[in-house]
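Student: Below are the sequence and a predicted model; questions follow.
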Amino acid sequence: MVDKAFDADHHQPQALDDRERAWLATDVGFIGSFERDRVANMQFLAQHNVPVRIRGNGWGSYRPQEDNLVIERRALVNTADNALYSKAIGVTKVNLAFLRKANRDLHTDRSIEIPACGGFLMAEYSEEHARLFVEDREAVFFRSREELLE
């Protein structure tokens, strides 16, 4: 087993201009594709007055019922001339990282890329996450929706 990695040329803290900061900054954000369990977690937050901004592919047919869920139906990518993905992570106060149950993930690309971009990582607990990061110092883990909200 080889742990996920990041690309040091792309996944690093980025400078933003005022326009980018206004567009990308958010308190709680998730970058990734649609999956029912992920939605349920973010709906729970939204129902408890925590606004969540979602960016990614695969959200086309999902229509949130909660006003606190904002979905931008596009992926953010790093290209040679613009580092939108890294910039968005850097200006998001809490970056959510969910494990893909269908893949039986124990950590993901975002588990590694979020800290590399200077972002705050809040991830589902797994033994691999616990091996990779010191809990409550390098990352915050949640084991239930109630812990996620807390």
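Tutor: Cool, got the structure.

Student: For Gly58, give me the pLDDT.
Tutor: Gly58 is assigned 87 on the pLDDT scale.

Student: Equivalent analysis for Trp23, please.
Tutor: 90.

Student: do the same with the one 10 residues further on
Tutor: Here, the pLDDT recorded for Ser33 equals 90.

Student: Look up the closest residue to it, ignoring the ones flanking it.
Tutor: Nearest non-adjacent residue to Ser33, counting by Cβ to Cβ, 6 or more residues apart in numbering: Gly58, 4.1 Å away. Yep, even glycine has a C-beta here, placed from its N, CA and C like the rest.

Student: Next, the one you found: secondary structure please.
Tutor: For Gly58, the secondary-structure state derived from DSSP: H, G, I helix; E, B strand; the rest coil is coil.

Student: Do I have it right that it meets Arg36?
Tutor: No: with contact defined as Cβ atoms under 8 Å, Gly58 does not count as touching Arg36 (11.4 Å).

Student: of the two, who's got more company?
Tutor: Gly58 (12 against 9; other Cβ atoms under 10 Å).

Student: now the more buried one: how far from Phe34?
Tutor: From Gly58 across to Phe34, the span is 4 Å (Cβ to Cβ, to the nearest Å).

Student: Common neighbours of the two, please.
Tutor: Common neighbours of Gly58 and Phe34, counting by Cβ atoms under 8 Å, 6 or more residues apart in numbering, are absent.

Student: Show me which residues of the helix with the most length in the chain are buried.
Tutor: For the chain, the helix with the greatest residue count under DSSP state H is helix 36-47. For helix 36-47, the buried set under the neighbour-count rule, 16 or more other Cβ atoms under 10 Å, comprises 38-39, 41-46.

Student: For Arg38, see how far away Asn68 is.
Tutor: On the measure of Cβ to Cβ, Asn68 and Arg38 end up 15 Å apart.

Student: just to revisit the earlier point, touching the longest helix of the chain from outside, list them.
Tutor: Taking Cβ under 8 Å, 6+ apart as the rule, helix 36-47 contacts 28, 30, 32, 52, 54, 62, 64-69, 96, 98, 101, 145, 148-149.

Student: which stretches of the protein form helices?
Tutor: Using DSSP H, helices in the chain cover 18-24, 36-47, 84-90, 109-116, 127-132, 145-149.
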